[in-house]
Structures are given as C-alpha cells and as structure tokens.
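> Below are the sequence and a predicted model for it; my questions follow.
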2 protein chains.
Amino acid sequence: MPQPENVRYELYYWPGIQGRGEFVRLALEEAAAEYVDVARLPEESGGGARALMRVLGESTPPAFAPPILRSGELLIAQTANILQYLGPRLGLVPDGEAARLFAHQLQLTIADFILEIHDVHHPIASSLYYEDQKPEALRRAVPFTKERIPKYLGYFERVLEKNQVGENGALVGPSLSYVDLSMFQVMAGLKYAFPNTLSKLTPTIPRLVALRDHVAARPGIAAYLASPRRIPFNESGIFRRYPELDVGSK
Amino acid sequence: MPQPENVRYELYYWPGIQGRGEFVRLALEEAAAEYVDVARLPEESGGGARALMRVLGESTPPAFAPPILRSGELLIAQTANILQYLGPRLGLVPDGEAARLFAHQLQLTIADFILEIHDVHHPIASSLYYEDQKPEALRRAVPFTKERIPKYLGYFERVLEKNQVGENGALVGPSLSYVDLSMFQVMAGLKYAFPNTLSKLTPTIPRLVALRDHVAARPGIAAYLASPRRIPFNESGIFRRYPELDVGSK
C-alpha cells in the first residue's frame, strides 16, 4: 500500500455525531493520514460548530452541507466525492478505471441506503423532531426493515460473492478499499439501530458479517474505535436505537 | 468542444418514465452521441423492460438499480457516476481537478434533491402507491415546498452568482456542463410538479430561470425535447403533478 502523502487534511463535520463524516474519518484513520477534525477542536482554538458554519457560509465554491474536506487549495463536499478523491491518495482503492468506477458506484449505493436509514426516523422532515413524526416513522419502519434492509444487504452480499479476487471480504478488487470501511460502518450502525432485524438476517449474509469483523480487527481501525476520537452511536445521528422501529424480525 | 468519441453507448432504464435516466439522456442528446435506449426498443428487437431486468439480474459487477450505461466492456450504474464518466468524453465538463470535483459535488447535491422530490409523494415506501400514503405525503409536502425547495434552489442560485467566469448560466467553469443539463431537468420538473411553489420563488432565482431557458434553447436539446424520444412528464415518474402537494405558495 502506498504511504499517505504528507498532507494535513482538514475535515469539517458536526462535532457531536458520527453521521456522514464518519465515512471520511474511517478512511483517514485506516490510512493513518494526518488530519484535523476541525469542529471538534475547542472554540478558542478555532473549532466548534461555528468553524463548520463559517466554511459552509463562506466557502468558494459553496457547499450545500457537510462533510467538507480541505486538501490544500481544494474544498470538497459530498461524502462519496470526498472518498473518491481520497481513495487513490490513501491507497484505499484499486488501480484501473473499471475498479474505480465500481467502487464509486457502490459508495453511491451506500449513500442511498444511508439516506433511507435516516429517513426511517425522519419520514416527514429533517427539521422536525422524531417525536413529532413518530406515527409516520412507525409505518415506514415496516417496509424498511422487511424489504429495504434485506434488499440492500442482499445486494452487497452478492457483490462479495461475485468478487472472485477479493480476500477477507473486499467488495472491490483484491484487498481493502474505502468501500469496505463504509460497509463496516453500515453494518455496525445497523447492529446498533436494528439489532433484531440484523440478527434475523445474519444467516443470509455471512460474507458481510466477515467483512465487518475483518475491518473492525484491522490495527488502525481497532485503535480508532477504542479511542475517544470515535464518537459513540447516539440518538442524534443517522443510526438511532429506537426499538419500536426495529420490527424486521416480526 | 471536443467531438464525441465514435462509441455506441447503451442506456438501460425504465421505458415509460423520464426518471433518473433522463439526466443521462440529456447529456447524450446535447453531445449528439450515438446511443441506444435499449429498454425502449420493442421486445422482439431485444428491448423492453425485460432487457433491463436481464442486465440488472446478470451483470458483473452487479448493479443495484438503473440507470445503467454500457460503454464497451464497462457497465456503469448510479446516475452521477455515469455522468462523471461521460462528462470528459462528451465535452460536457471543464478540464481540471477542481472543476471536475465541484461538478460532481453539484451533481450529487442534485441527486439528493431528486430523492427528496420523489419521497414527497412516497414518504412511507416506494413499494406502495401514492394513494396509500397520501396523508403522510400531504404532511411532508408542507416543509418540502416551504423549506427544502427554497433551500436547494437558493443554493444553486448562489453557485451561479459566485461563478464569475460562467456564461449563459453555467454552474461550473465558463460554459455548459452536464450539471447545467441536469439543473434544467430539475427546473423543468419542478415547473411541472410544483407550478405554484416555483412561481412564487421565481423572482428570487433569476439566474436559474435563465439557465433553464438557455439550455432549453440549445439546438440539440430543443430538437430532443420536440422529438418522441422525450417521454412526457407523467404520474409514474419522479416529478408528479399532484396539485394537493403544491402548497409552497400558501
């Protein structure tokens, strides 16, 4: 694996949640890249949500939402766009046009899945509290856990099955890529938010379970997960433990 | 503008709707690229939804959903991924890393917007009819038309304002890119689905209105829009005219 470039990246993301920023953090941590998680610095050191709002409000070109990555003169937004940019620089994507296109395609499919996972607890509006859209969330949870989670996980299991060259559960190419790190995060998040649904599906997705365990055991990731840099899952993020929505095993 | 390569592209998408496939069609049409819209061929010529289902079911690597583009040996899925691939080949994106990253970032933001537009009429499940989730749709339509449409359009208007080098309403760089074609489609779709909401917002988004009109007047696009290849907007697609959801002007 190539060594990371000697670049100091700046990540701008909400300081209190894993959220979409976590997919970027996992890539930076796996590669032991030098980076600053700016909004998690104290305000007196130029951090806090205020630093994030400043970049959001003033950046050129403008970004619609975080995460935002600063790399030298570049300001890059949209999680999958950031990962596509970082992949070759961090040694986290195979060479070759076909492999890179497919890696990005998978990452965009993960992005779609993430949005559906979020919208289960926010089916009416992101600007309302969960408690104010709970009846709709309860209704959405049924097809989401019974149809959508199995469809997405079944798809990724099939990708692993068809990747004849992948070792240790690599979704693209022969070895670990940023997509595998993101898939780990999805599996970890589903286990937190939908433990019963995931437990029922587990026998049907042995390759995804192996991928998750393999990624979690990598030295850089294991150290990160055990560190205070890893924000715990909580009920402000994408993956929320609302047991009343975890109905996929019924 | 460079001439399109002498490649015959194959597009696989649902034959009865514009949907996400339309963003790819607009790029191919603007560039006068040689392509086949496979599922719109008669079944006896290897077309129809069956051709699409076959590619979806058997392709390696597997795709989660259409649109899918075949280019030589490559099978590429995810709309923004396809457009990022086609951009340089069709002369529809500026040169340079920063411009291409930003073009893709904007396209991914359009993808997020499109998904929200779709979910207004499908807040509970894509697998249910609109009529079976109408109370939830009516509730979602309020924050969507009053907060989300203004937020997204305000953002893209600001991008146009900040692009000092853009002529005729180019979102990225000095001249037309695939992102402008997609933005045209969003504006046309909103005008169809949310005419009152859009009418109220029109005075605040003069640059987006000019962009839409400029794209619609380009010879290749004008010819396409007047041709039978352009599927009309309808109530099976992303943009649906349900007047009860068009409440943003109230």
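Thanks, I have the structure now.
> element containing residue A:11, please.
Assigned by DSSP states H and E, residue A:11 belongs to strand A:8-12.
> Just list the residues touching residue A:187, thanks.
A:198, A:208, A:209, A:211, A:212 (Cβ atoms under 8 Å, 6 or more residues apart in numbering or on different chains). The way it works is simple: take the backbone N, C-alpha and C, and place the C-beta from them, glycine included.
> and whichever strand or helix holds the third one, does that touch chain B?
Taking DSSP H and E as the criterion, the element that holds residue A:209 is helix A:206-217. No. Between helix A:206-217 and chain B, judged by Cβ under 8 Å from any Cβ of the partner chain, nothing touches; the nearest distance is 13.4 Å.
> Equivalent analysis for stretch A:41-61, please.
Yes. Remark: stretch A:41-61 sits within contact range of chain B at A:60, A:61, by Cβ under 8 Å from any Cβ.
> Going by neighbour count, which residues in that stretch are buried?
A:47, A:48, A:49, A:51, A:52, A:55, A:56, A:61 (16 or more other Cβ atoms under 10 Å in any protein chain shown).
> in its sheet, what does the strand holding residue A:11 sit against?
Strand pairing for strand A:8-12, determined by DSSP bridges: strand A:34-37 (parallel), strand A:68-71 (antiparallel).
> What are the buried residues along it?
Applying 16+ other Cβ under 10 Å to strand A:8-12 flags A:9, A:10, A:11, A:12 as buried.
> So for that strand, mean pLDDT?
For strand A:8-12, mean pLDDT rounds to 96.
> Return the helix or strand in chain A with minimum mean pLDDT.
Among the helices and strands of chain A, helix A:48-58 carries the lowest confidence by mean pLDDT, DSSP states H and E, at a mean of 92.
> what's that helix packed up against?
strand A:8-12, strand A:68-71 (3 or more Cβ pairs under 8 Å, 6 or more residues apart in numbering or on different chains; DSSP states H and E).
> Distance of the residue lying closest to residue A:55 once chain neighbours are set aside relative to chain B?
Here the nearest residue to residue A:55 in space, its sequence neighbours aside, is residue A:12; by Cβ to Cβ, 6 or more residues apart in numbering or on different chains that works out to 5.0 Å. Noted for residue A:12: a distance of 14 Å to chain B, by Cβ to the nearest Cβ, to the nearest Å.
> What of residue A:20?
11 Å.
> Count the neighbours of that residue for me.
Residue A:20 has 23 neighbours, counted by other Cβ atoms under 10 Å in any protein chain shown.
> Which residue, other than its chain neighbours, is closest to it?
Closest to residue A:20 by Cβ to Cβ, 6+ apart is residue A:79, at 4.6 Å.
> out of the buried residues of stretch A:41-61, who's nearest chain B?
Ranked by distance to chain B (Cβ to the nearest Cβ), the buried residues of stretch A:41-61 are led by residue A:61 at 5.0 Å.
> who's in contact with that closest one?
A:75, B:102, B:105, B:159, B:162, B:163.
> Tell me the secondary structure at it.
coil (DSSP: H, G, I helix; E, B strand; the rest coil).
> so what's the residue nearest to residue A:20 up against?
A:20, A:21, A:23, A:24, A:67, A:107, A:111.
> how about a cut-off of 10 Å?
By Cβ atoms under 10 Å, 6 or more residues apart in numbering or on different chains, the contact set of residue A:79 is A:13, A:19-24, A:65-67, A:69, A:107-108, A:110-111, A:114, A:182, B:108.
> Same question for residue A:132.
Contacts for residue A:132 (Cβ under 10 Å, 6+ apart) come out as A:122, A:124, A:125.
> hmm, 8 Å instead?
residue A:124.
> sec struct for it, please.
Quick answer, by three-state DSSP: residue A:132 is helix.
> next one: residue A:166
Assigned by three-state DSSP, the conformation of residue A:166 is coil.
> What is the neighbour count of it?
21.
> separation between residue A:226 and chain B?
For residue A:226, the distance to chain B - Cβ to the nearest Cβ - is 33 Å.
> List the neighbours of the helix holding residue A:209 that are in contact with it.
A:153, A:156-157, A:160-161, A:168-171, A:176, A:180-181, A:183-184, A:187-188, A:202, A:221-222, A:225.
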